[in-house]
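Peer 1: quick check, what structure comes out for this input:
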Amino acid sequence: MKAEYINPFLESAKIVIEQVIQIRPATGELGLKDIKFVENYIWIQIGLNGQMNGDIVFGLSEQVALKMVSAMMGGYVISEIDEIVRSGISELGNMISGNASTMLFNQGIRVDITPPKVIQSAQSAGFTAQKALTIPLIMEGIGELDIQVLIAS
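Peer 2: Below is the predicted model of the structure:
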């Protein structure tokens, strides 16, 4: 697994979050860690096919998801995880991954992405715990969004 695989997703996430949520996220420490599915957490899983095969998984607590979608909706307060929140978080993952796939293409790496799959419970995750290259984005006043890259190639 190469560390440079995460860079387009990191850069794309910073750009998209700044545009959509109006916050410039800080970058946490890059690390290799086990993906553990815990309750009160949401993951957006996007498959990668082509010259890179695997998954990109964005993980965030339900509280962070509520704050992010509230910011996406111009400050409208949202207090529960519903279809609007799942849709908003899913679209955020789609925008980040779409931009990242364009960045990869510009580097000569052809990759297709699958539509985002929102996972809300550990049982519905559909894939087993494994090690992932992970980097958190820290958004002041909102919380953290973990970017986790699982590359098979």
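
Peer 1: make it CA atoms for all contacts and neighbour counts henceforth
Peer 2: OK.

Peer 1: pull the number of nearby residues for the residue nearest to Gly88 when sequence neighbours are not counted.
Peer 2: Distances taken as C-alpha to C-alpha, 6 or more residues apart in numbering put Val69 closest to Gly88, at 6.0 Å, once the chain neighbours are dropped. Val69: 24 surrounding residues under other C-alpha atoms under 10 Å.

Peer 1: same question, Val20
Peer 2: Neighbour number of Val20 under other C-alpha under 10 Å is 15.

Peer 1: my guess is Lys117 meets Asp55, correct?
Peer 2: No: taking C-alpha atoms under 8 Å as the definition, Lys117 is not a contact partner of Asp55, at 10.8 Å.

Peer 1: overlap in contacts, the two.
Peer 2: 45-46 (C-alpha atoms under 8 Å, 6 or more residues apart in numbering).

Peer 1: please identify which of these two sits among more neighbours.
Peer 2: Asp55 (20 against 17).

Peer 1: contacting residues around the more buried one?
Peer 2: 45-48, 149-151.

Peer 1: okay, and the residue nearest the centre of the chain sits in which element?
Peer 2: By C-alpha atoms, centre = their mean, the mean C-alpha position of the chain lies nearest to Phe58, the distance being 2.5 Å. For Phe58, the host element (DSSP states H and E) is strand 54-61.

Peer 1: again with Ile15
Peer 2: Here Ile15 is assigned to helix 7-21, by DSSP H and E.

Peer 1: the helix or strand following that helix packs against which elements?
Peer 2: Per DSSP H and E, the first helix or strand lying C-terminal to helix 7-21 is strand 26-27. Under the contact definition 3 or more C-alpha pairs under 8 Å, 6 or more residues apart in numbering; DSSP states H and E, strand 26-27 sits against strand 131-139.

Peer 1: thinking again about what came up before, any idea how far the residue nearest to Gly88 is from Val20?
Peer 2: 10 Å (C-alpha to C-alpha, to the nearest Å).
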